[in-house]
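S.K.: build me a model:
(chains A and B)
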Amino acid sequence: MASVEERKSDTVKAGPSEEQWQAAEKVLISLQLARKNYSLYPENHVNCTRAQEQFWLHLDKYLRLYGNLRFDLAKDKLLFQGEIILSEPSEEGNLPFTLFRDGIQWLELQRGIDSKEVEQFLRLLNRYRILSDEPEGDLVTALWEARFPHIQYYVADMFWGAEPEFDLTVSPGAAEEDAELLEEAEEKDSKSECFSPIEPAALKMTPEEEAELREMVRVEEKRDPVSEYLDVLLDSLMELREKENFVPILESLEDVFHDSLARKHFEISLKILKSLHYVRKTCATESTWALPLIDNFFLTASSAKSLRPLQTAWLDMDTDEIGQIKQILVLLQPEAIQTLGGMLLETSSLRLQKMLLEVILVLAYRDLKPLEAMLGRPEEELVQKLVYVLGRLDGEKSTQILARMVRHPSARVRHEALKPLLSRGPTDIKGLFHLIEDKNDAIRRLVLRHMAQERNKVTETLLMEYLEQGKLNRSDDEHIIACFRTLGRCGSPRSIPFLRKTLLGRPWLPGFRKLSYRQGAAYALQSMGMEEAQEVLEEASRSLFPTVRGIARKIIEGQTRQRKG
Amino acid sequence: MSEQTAELSVAGGRFIKAFHHMISTVKIHQENNQLIKESIKHFVKALSEISGGMELEILLWRGRFFIQGEKLHYRKESFALINEMMDYFPQRGLRGLIFQPNFKESSLKDFVIFARLLNESAGRDDPPNWIDKQFQTHGLEWVEILREIDEDPPELELKRKEQARQSYMHSMAAVKEVAQKVSQRSVAGIRKARRLAQTMVDLVLDDESLMLGLTTIRDYDDYTYTHSVNVALLAMALGKRIGLSQIFLEQLGICGMFHDLGKVEVPKEILLKPDMLNTGEWDQMRKHPLIGVHRVLQLHASREMKSRAALGPFEHHLNYNLTGYPKTHFVNKVTLFGKILRIADTYDALTSERKYRPRAFSPDEALRLMWSKVGEDYDPILLKIFVNMVGLYPVGTILKLDTGEMGLVVDYPRDDERTRPEVLLLEDDGQGGFKGGKTVSLEERDEKTGSFLRNVLECHHPTKLGLQPAQFYLKEAS
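M.R.: As a prediction, the model looks like this:
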């Protein structure tokens, strides 16, 4: 045991020679330099490596020449063979104080020390340079755990003053005064006689038992204690139904949850959430005060801070792990959507994006509000993805939000919102009609295609009014023709007079749009597939006006070709 | 046993064997015999190896050899030889020998003289004086004798006992301090406790018997705290036996120290109630493991430490087959730490005087009682090792011997044989109490008949004689 083995020091006790003193000083100076570098740079920085090598070289040289090197300690100085070799104020960070503070009385570096041991030693010195708020560890504990074979030290019982001690020579209890009672009790108490003696043979370990024991120890030393700790915490929650006890246990669970995510121990994270859902159920009747506490746990677990470790963790995750994360995330509160939305933007992996969207979908099913709140975010890509999720959610509320989203400034978002809107139930076409003039071609096509799907009076009226009253803001031929074609598909005989008038009538609509209107009307009539419409086309093919005649004939010829071939 | 102590024991065993071989060979053969040369060569080699160029002290104290102050542990196969050497020294009035580093400069002839003089001294009037003079006459300056009259224990032994005693007291104080702080809802760190656990690990590794002896300490005013430290020590000793590493032994010690932290919350009227507890009181009592977990969570400690330390309170009343308390919903097996603590906790509790019991069980009764529940309440393998560790008559047991003597079990001479302990014979101190006499091994046999000199008739709890066994172990230290 390193801390008490004063006898093991074989340090030369005679006064040092000038050379020996200088050699010890060199060791100390290089140690100080190494400590300085360790405090300034990361441990693997070249300056640290160099300084460590220098220290080891000086130390090795000293040990080879003079044997073990021992320093005695005071709070503000290091003594070498009884004389001060280093003096520094007793302040945090200084070498004598760092060692002295934790109770080390002397430190000895022994022959055989290698650079690896030196490196670890320097790391520990640096780590405990300043006594942190770290609750349980200190340099002495770290040295004890490290069990350096060539670094010995002696520690004083620095914590202890004059604690009261009980007198061991005093009888612990009932000797004389209770002697009678004891004898009586012994007579009555024949319990012990009931227990058979233990046969020495029964105490022999079989080879199987020895193997089992070895395995038990191996597993114990290898296992992560968190799993059992978790069970203990959860059982405590189940059995300790007082608010005062509940809160710290939940706080500890929170701590374990965060740690499990950071360490990619997703099975632990999952177990916590699943178990807490179970605990919550059991509280539903008698311990209702616990429900908001548990909900608050889930809320905290759903926060960006809590889930942030996932973003670094999933850079190299496999499919199984992604599956585990999905299971974890769906157990969170819908408020997690805000966090997940952020994560969605920050990953380029399609697998992860898909998983996140599926989770958001599940969470939004439980409560739409967090998702709705996210739709006001400025990131177009995010909003588009969230609208995609929204589109997969049934219900009036989601339809309302989608309808709102078709007015979003981003065409991608509008398009994303429009698709599901058009696909669900009876569509409020009036509300969407403005989209036939959308700047985005795809949106316009989508709306028109939708309107063209069936004969519909509302759609027909809207389109007729739109075309007849010259309400168009768009003036391109393609758009006008597309609108007429749509009218042809959704319209009824009611539209034929308008189409006839557009194709044959005069005065013509102004300027360059004349041709496209006539063409559009002709296409609409063709699309209607009605006898009356065909008659108008026939009539037009006989028109005195070559343009009208040309348009109509072209369509009729097309029809003829189609019939033949 | 720490690695260094273990190495010393192995080298010590070789040294004693070489010593024995040398004196036996010299008895039989002439100086120029090849066997003598060989045996001395082996002896010098063993001496060089163990001394490492320093002074070497070999000492016989209370029936045990100490080399460089370390108690020598030995195995069954070397026991007969060790026994012979244990007779050899007292027959010559010797308590020990000190070899100076300059033995290396001596000739083979010097060693032959040394061995012959030791052999021949047995029949002399004042053997130590005779040896001393003969050594001087023959110029054997590299060896000194220690006389039997000097009853001081080895210095290191004393030091260790003092350290053990202090660690025990400090640990008790640390547990008390933490318990009081958590009870008052103030911040309680465990730095002290960790440092103490580390010292105790070192002590358990170096001298298990001494630390087992300490577990007989009882204090009825502060039962919970002595019990906590005792459980920690017993658990660490068992942990050591099964080969847990020092880091895990420290954690096990912490678990033991804080396993009853929840008791602080149980009203004293319940804890000390002499009668059976009613249902409400029992319910409250059964909550202490859970409250203990809660208190551990309040400690200012790392998550890792808490995750280990919480097992102590939670599992120490859980049986091997998961019966016991608290009720479990998520826990589906008892951890190794929990199984160890269950054994240590029960053993110490059974052997302690409690208000609700007419008397404490004697250590051997406690073991028998526990053995009757092996496989149900206790892990069979661990309980087996525990019984082997504490022995059929655990340290602290009072034995009535067939010689009419009373003795206190203080140790077992061998690690692998735990039926015939070493006992400190108790003598009347003339004031109605007892004082320690000489230490004898129950393995000692009558040279003529071969039968054991002393046999156990009965076992008693030390309280029957009003004894605090630890006072006898620690007497020299305090």
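
S.K.: quick one: low-confidence parts of chain B?
M.R.: With pLDDT under 70 as the threshold, chain B has low-confidence stretches at B:1-6, B:62-63, B:74-77, B:148-154, B:156, B:220-221, B:355-358, B:415-416, B:474-478.

S.K.: how does it divide into domains?
M.R.: Under automatic domain parsing, the residue ranges defining each domain of chain B are B:3-147, B:155-390, B:398-460.

S.K.: which of these sits closest to A:Leu125?
M.R.: domain B:155-390 (18.4 Å; Cβ to Cβ). Placement of C-beta: from N, CA and C, glycine included.

S.K.: list the buried residues for the longest helix seen in chain A?
M.R.: What stands out as the longest helix in chain A, according to DSSP state H, is helix A:18-40. Residues of helix A:18-40 classed as buried under the neighbour-count rule (16 or more other Cβ atoms under 10 Å in any protein chain shown) are A:20, A:23-24, A:26-28, A:30-35, A:37-38.

S.K.: about what we covered before: make JSON lines from the domains of chain B and add distance to chain A to it.
M.R.: Formatted as JSON lines, the entries for the domains of chain B read as follows, by distance: least, Cβ to the nearest Cβ, whole Å:
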{"stretch": "domain B:3-147", "distance to chain A": "7"}
{"stretch": "domain B:155-390", "distance to chain A": "3"}
{"stretch": "domain B:398-460", "distance to chain A": "6"}
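
S.K.: so which of these gets nearest A:Val383?
M.R.: Ranking the domains of chain B by distance to A:Val383, with Cβ to Cβ as the measure, places domain B:155-390 first at 39.2 Å.

S.K.: helices of the stretch 401-550 of chain A, start to end?
M.R.: In the stretch 401-550 of chain A, helices defined by DSSP state H, counting those that start in this stretch lie at A:411-423, A:429-432, A:441-451, A:457-468, A:477-490, A:496-504, A:513-528, A:531-541, A:546-564, listed in chain order.

S.K.: next one: the last one to chain centre, how far?
M.R.: When you say that, I think you mean helix A:546-564. Put simply, helix A:546-564 sits 65 Å off its chain's centre (Cα atoms, centre = their mean, to the nearest Å).

S.K.: which strands or helices does it pack on?
M.R.: Using 3 or more Cβ pairs under 8 Å, 6 or more residues apart in numbering or on different chains; DSSP states H and E, the elements in contact with helix A:546-564 are helix A:496-504, helix A:513-528, helix A:531-541.

S.K.: swap the cut-off to 7 Å and go again
M.R.: For helix A:546-564, the helices and strands in contact under the criterion 3 or more Cβ pairs under 7 Å, 6 or more residues apart in numbering or on different chains; DSSP states H and E are helix A:513-528, helix A:531-541.

S.K.: make JSON lines out of those helices and add mean pLDDT and mean neighbour count.
M.R.: JSON lines is the format used below for those (pLDDT from 0 to 100; neighbours: other Cβ atoms under 10 Å in any protein chain shown):
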{"stretch": "helix A:513-528", "mean pLDDT": "87", "mean neighbour count": "23"}
{"stretch": "helix A:531-541", "mean pLDDT": "92", "mean neighbour count": "17"}
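
S.K.: out of these, which is closest to A:Pro207?
M.R.: Across these, A:Pro207 has its closest neighbour in helix A:513-528 (91.3 Å, Cβ to Cβ).

S.K.: just to revisit the earlier point, out of the domains of chain B, deepest packed?
M.R.: Here the criterion is mean neighbour count by mean count of other Cβ atoms under 10 Å in any protein chain shown, and of these the winner is domain B:155-390, at a mean of 22.

S.K.: and the strands in the stretch 101-250 of chain B?
M.R.: B:143-147 (DSSP state E, counting those that start in this stretch).

S.K.: now the helices for it?
M.R.: Listed in chain order, the helices of the stretch 101-250 of chain B (DSSP H, counting those that start in this stretch) span B:108-120, B:127-137, B:155-183, B:191-206, B:208-214, B:223-241, B:246-257.

S.K.: let's have the ones you listed in a markdown table, adding distance to A:Asp320.
M.R.: Conversion of these to a markdown table gives the following (distance: least, Cβ to Cβ, whole Å):
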| stretch | distance to A:Asp320 |
| --- | --- |
| helix B:108-120 | 72 |
| helix B:127-137 | 78 |
| helix B:155-183 | 42 |
| helix B:191-206 | 39 |
| helix B:208-214 | 47 |
| helix B:223-241 | 36 |
| helix B:246-257 | 31 |
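
S.K.: next up, phi/psi of whichever residue of the stretch 451-565 of chain A sits closest to chain B, please.
M.R.: Taking Cβ to the nearest Cβ, chain B has its nearest neighbour within the stretch 451-565 of chain A at A:Gln453, 56.6 Å off. Its backbone dihedrals place A:Gln453 at phi -70, psi -30, with angles given as degrees, to the nearest 10.

S.K.: number of residues surrounding it?
M.R.: Using other Cβ atoms under 10 Å in any protein chain shown, A:Gln453 is surrounded by 14 other residues.

S.K.: for it, report the pLDDT, please.
M.R.: A:Gln453 carries a pLDDT score of 89 in this model.

S.K.: cool, A:Asn44 as well?
M.R.: pLDDT recorded at A:Asn44 is 85.

S.K.: which secondary structure state does it sit in?
M.R.: With DSSP: H, G, I helix; E, B strand; the rest coil as the basis, A:Asn44 sits in coil.

S.K.: report how many residues lie close to it.
M.R.: 7.

S.K.: any idea how far it is from B:Leu261?
M.R.: Computed with Cβ to Cβ, to the nearest Å, the distance linking A:Asn44 and B:Leu261 is 42 Å.

S.K.: now A:Met530
M.R.: Distance from A:Met530 to B:Leu261, counting by Cβ to Cβ: 91 Å.

S.K.: output the lowest mean pLDDT helix or strand found in chain A.
M.R.: Across the helices and strands of chain A, mean confidence by mean pLDDT, DSSP states H and E is lowest for helix A:179-188: a mean of 40.

S.K.: for chain A, give me the ranges with low pLDDT.
M.R.: Regions of chain A meeting the criterion pLDDT under 70 cover residues A:1-14, A:132-136, A:157-194, A:425, A:471, A:506-513.

S.K.: tell me the SS of the residue lying closest to B:Asn33 once chain neighbours are set aside?
M.R.: If the residues on either side of it in the chain are set aside, B:Asn33 comes closest to B:Thr25, at 7.7 Å by Cβ to Cβ, 6 or more residues apart in numbering or on different chains. Taken by three-state DSSP, the conformation at B:Thr25 corresponds to helix.
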